[in-house]
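*Asks:* model the structure of this input:
(chains A and B)
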There are 2 protein chains.
Amino acid sequence: MSYERPNIAAMHGYISGEQPEDPEAIKLNTNENPYPPAPEVAKVIAAFNADALRRYPPPTADDFRDAAAVLHGLSRDHLLATRGGDELLRLVITTFVAPGAAIGTTDPTYSLYKTLAEVQDCPVISIPLHTESWQLPSDFPEQMNDAGVALTLLVNPHAPTGLLISHSQLKELADRLDGLLLIDEAYVDFVDPNLGYDAVSLVHELDNVIILRSLSKGYSLAGLRFGYGIASPELIRPMLVKTKDSYNLDLLSQKVALAAINNQSHAAETWTRVRSERNRLVREFTALNLPAAVSETNFLLISVSDIHHNQTSAEQLYRGLKSQGVFVRYFSDERLRDKLRVTIGTPEENDRLLYEMKSILVQDSG
Amino acid sequence: MSYERPNIAAMHGYISGEQPEDPEAIKLNTNENPYPPAPEVAKVIAAFNADALRRYPPPTADDFRDAAAVLHGLSRDHLLATRGGDELLRLVITTFVAPGAAIGTTDPTYSLYKTLAEVQDCPVISIPLHTESWQLPSDFPEQMNDAGVALTLLVNPHAPTGLLISHSQLKELADRLDGLLLIDEAYVDFVDPNLGYDAVSLVHELDNVIILRSLSKGYSLAGLRFGYGIASPELIRPMLVKTKDSYNLDLLSQKVALAAINNQSHAAETWTRVRSERNRLVREFTALNLPAAVSETNFLLISVSDIHHNQTSAEQLYRGLKSQGVFVRYFSDERLRDKLRVTIGTPEENDRLLYEMKSILVQDSG
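*Replies:* The predicted structure is shown next:
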């Protein structure tokens, strides 16, 4: 007999991005930072006393919370340290969304949201973004409220399009929502600082906003699994003392994460480099008739339109690149099947990507 | 307004054991192994290439699963690597117990079980163990079945008493249960090998058994947060591909855990030492009129009976020890309030414990 709950039996689970075995592969498919973490990360690991692992770790990672509080001009009570951003997403659902209550998001969006909703046995209300502009429909909050949505999950800047919703638009949206709004800022470090975007201040103004941060991309630490949540103490506290696993973060991760966020200048330099390459790639892709959506992230969503390249579909380009050892992300969803999501790599990786793309496109149109 | 779900708002959360700030404190209150982890653990950390943290870690920790499979004579499909045993407990509940369905256990038991049940909004059926013998009542499985229990959680050897249920008793119990049986073997490494206890073989015979293992105690790695589950592939698979966080284990932890279980001889030596001190402490406590329950773990539950020491209650002894920098565990529950749970330390730590105990008892009876 099967012991699985019916909702678990019915679901498929999240599919992670491909991890090529070949160490020579150019990996531009899972939005990792192309630069290594801060040198202080290596120092902390090298200096770590392994005997300290004998004891339980600090249960709420207060040293990290204090450092993040200083970074954001908040108090420790506004912060929750988590095992990647993924743990925060799960905890917000566990703590605030009863099974059967609806979870809202956009279409397209980060595909993990649907998986987490299925685990909690919650229906998902997906509101389509406008085609081409990828903007939210103007009545988005009312559609959420009418559907009785308890929690809205927005990734901002958006994945997989890269589009940034402004602070003022977010504020208006949170204000109009009946339920909670989680703003998933996994890619926020790559936003152009000239835009003046800052959503953290919203947690002072609105009691229904939770902000997700991750060290995976901005701090080159996807392998560490470390993120954090920012919200009012009333929202943080039940996750901190009731619903998170009692010791959710091991001692080594806590020390590494602390070293990483205390070294902003190293991280910020990688963000600048990624933005510079992002600008170059937009120009190069445009020249190849592969227009990219405006992105404030470390990836670009490019259109492989049949009109321009009637020999090469997005899927063919994806497969052609893969056969040359260059991995990008292809989605089979209806509205994304003529597109590819390409992570910004180092200049050398990007050159290789462009070289292979040109070879395939020339070949197919020749 | 409060956004918490009613079951979350109503619960209190798990209380971790005290973590004294004084580095000189003798810490015998949270069942940590008194010896450091294997030297290979330190080597793996020192040799770790921090730049590898830039990429996502292996999502299912297959290197560790393969090593654990060899250790237990199973295949990888029988194994799930988790963020401590706690994550496995949560995943089993998430995957197999619908909100509202009952979770069964004993009274007393590991207090986290109740917390995890409350998070899932599940009632807890607690069947009292026999007083003094701490044995299960003979109709335990029928009581579980009559209450419609979907999942029974048994810690074996038991916490906080230390008592071991035999393989044959477990098999009969699992056979008679309608639901799943999770056998939490967090302390199994300290069982006297002459007893021939081995519950792992049950996963071949019965489709409703899940075994929990932890590296926290047996491998001196409480600070690492690493454990694993052993069960039939049918039970492992939905947790592996659907309900666990997509990357639940960071890269460093995976490498450290692998080094630890590949060095059985180091760990086994710590188990032998702990058993030797356990035998000595039982004799010493008996001489102090502080009888200990028979324990197959790395702790002893001792009775501070008013009959023998009418000047000193368990709580007074706990406080007296704490004032001298020796931390043991005191429980305020009705049936445990005349008892203390004492972790087996190094010979030197145990000597200090005995010295302080004698001082307090002599003083109070003088």
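
*Asks:* all helices of chain A, in order?
*Replies:* Secondary structure of chain A (DSSP state H): helices at A:6-10, A:39-46, A:62-72, A:84-96, A:112-119, A:140-146, A:167-176, A:202-205, A:233-238, A:251-261, A:264-287, A:314-323, A:347-365.

*Asks:* show the contacting residues for the spatially most central residue of chain A.
*Replies:* Nearest to the mean C-alpha position of chain A, by Cα atoms, centre = their mean, lies A:A186 at 3.7 Å. By Cβ atoms under 8 Å, 6 or more residues apart in numbering or on different chains, the residues touching A:A186 are A:G85, A:Y110, A:V155, A:A159, A:L212, A:R213, A:S214, A:S216, A:K217, A:G227. In this view, the C-beta of every residue, glycine as well, is placed from N, C-alpha and C.

*Asks:* okay, now the unreliable bits of chain A?
*Replies:* For chain A, residues meeting the criterion pLDDT under 70 lie at A:306-311, A:364-366.

*Asks:* let's see 80
*Replies:* A:1, A:306-312, A:363-366 (pLDDT under 80).

*Asks:* near chain B, which residues of the stretch 201-350 of chain A?
*Replies:* A:207-208, A:216, A:220-226, A:234-235, A:238, A:241-243, A:245-253, A:256 (Cβ under 8 Å from any Cβ of the partner chain).

*Asks:* A:P137 - how many residues pack around it?
*Replies:* 13 (other Cβ atoms under 10 Å in any protein chain shown).

*Asks:* and the residue nearest to it when sequence neighbours are not counted, bridged to which residues?
*Replies:* Among residues not flanking A:P137 along the chain, A:I127 sits closest, at 6.3 Å (Cβ to Cβ, 6 or more residues apart in numbering or on different chains). For A:I127, the beta-bridge partners under DSSP bridges are A:T106.

*Asks:* thinking A:E142 is in contact with A:L177, fair?
*Replies:* No: A:E142 lies out of contact with A:L177 (Cβ atoms under 8 Å); the separation is 9.3 Å.

*Asks:* now A:E40: closest residue in space that isn't a chain neighbour?
*Replies:* A:A259 (4.3 Å).

*Asks:* which residues sit in contact with the one you found?
*Replies:* Counting by Cβ under 8 Å, 6+ apart, A:A259 touches A:A38, A:E40, A:V41, A:K43, A:V44.

*Asks:* and A:G162, by the same measure?
*Replies:* A:G162 is in contact with A:Y187, A:A292, A:A293, A:V294, A:S295, A:E296, A:T297, A:F299, A:L300, A:L301, counting by Cβ under 8 Å, 6+ apart.

*Asks:* quick one: the closest residue to A:P36 other than its chain neighbours from A:A186, how far?
*Replies:* Leaving aside its chain neighbours, A:P36 sits nearest to B:D51 (4.0 Å; criterion: Cβ to Cβ, 6+ apart). As judged by Cβ to Cβ, to the nearest Å, B:D51 and A:A186 stand 21 Å apart.

*Asks:* now the residue nearest to the centre of chain A: how far from A:A199?
*Replies:* Distance, A:A186 to A:A199, by Cβ to Cβ: 13 Å.

*Asks:* ok, now A:E348?
*Replies:* Distance of A:E348 to A:A199, computed by Cβ to Cβ: 34 Å.

*Asks:* which of these two has more neighbours?
*Replies:* Between A:E348 and A:A199, counted using other Cβ under 10 Å, the more crowded position is A:A199 (19 against 10).

*Asks:* ok, that one touching A:L170?
*Replies:* Yes: if you go by Cβ under 8 Å, A:A199 and A:L170 touch, sitting 5.6 Å apart.

*Asks:* who touches both of these two?
*Replies:* A:N156, A:I183.

*Asks:* returning to what we had before: OK, contacts around the residue nearest to A:P137?
*Replies:* Taking Cβ under 8 Å, 6+ apart as the test, what A:I127 contacts is A:G104, A:T105, A:T106, A:D107, A:L136, A:P137, A:F140, A:Q143, A:M144.

*Asks:* of the residues you listed, select the buried ones using a ChimeraX command.
*Replies:* Listed next is the ChimeraX selection for buried residues among these, using 16 or more other Cβ atoms under 10 Å in any protein chain shown:
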select /A:104,105,106,136,140,144
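
*Asks:* those residues of the stretch 51-200 of chain A touching chain B, which are they?
*Replies:* Counting by Cβ under 8 Å from any Cβ, the stretch 51-200 of chain A sits next to chain B at A:51-59, A:83-84, A:86-87, A:90, A:94-99, A:112, A:115, A:119, A:121, A:150, A:179-180.

*Asks:* now do the strands in the stretch 101-250 of chain A.
*Replies:* A:102-107, A:124-128, A:149-155, A:180-184, A:209-214, A:227-230 (DSSP state E, counting those that start in this stretch).

*Asks:* now the last one - C-alpha only, PDB.
*Replies:* What follows is strand A:227-230, C-alpha atoms only, in PDB (Å, rounded to 0.1, in the frame of the first residue of the first chain):
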ATOM      1  CA  GLY A 227      19.500  33.100   3.000                       C
ATOM      2  CA  TYR A 228      17.400  35.200   5.200                       C
ATOM      3  CA  GLY A 229      14.000  36.800   5.700                       C
ATOM      4  CA  ILE A 230      13.300  40.400   6.600                       C
END
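
*Asks:* wait, A:Q324 sits on A:K358?
*Replies:* No: at 11.5 Å, A:Q324 does not count as touching A:K358 under the criterion of Cβ under 8 Å.

*Asks:* these two - which one has more neighbours?
*Replies:* A:Q324 (16 against 13).

*Asks:* distance of the more buried one relative to A:Y355?
*Replies:* From A:Q324 to A:Y355 the distance is 9 Å (Cβ to Cβ).

*Asks:* next: A:S214.
*Replies:* 31 Å.

*Asks:* who has more neighbours, those two?
*Replies:* A:S214 (24 against 12).

*Asks:* partners of the more buried one in the sheet?
*Replies:* With DSSP bridges as the rule, A:S214 is bridged to A:G227.
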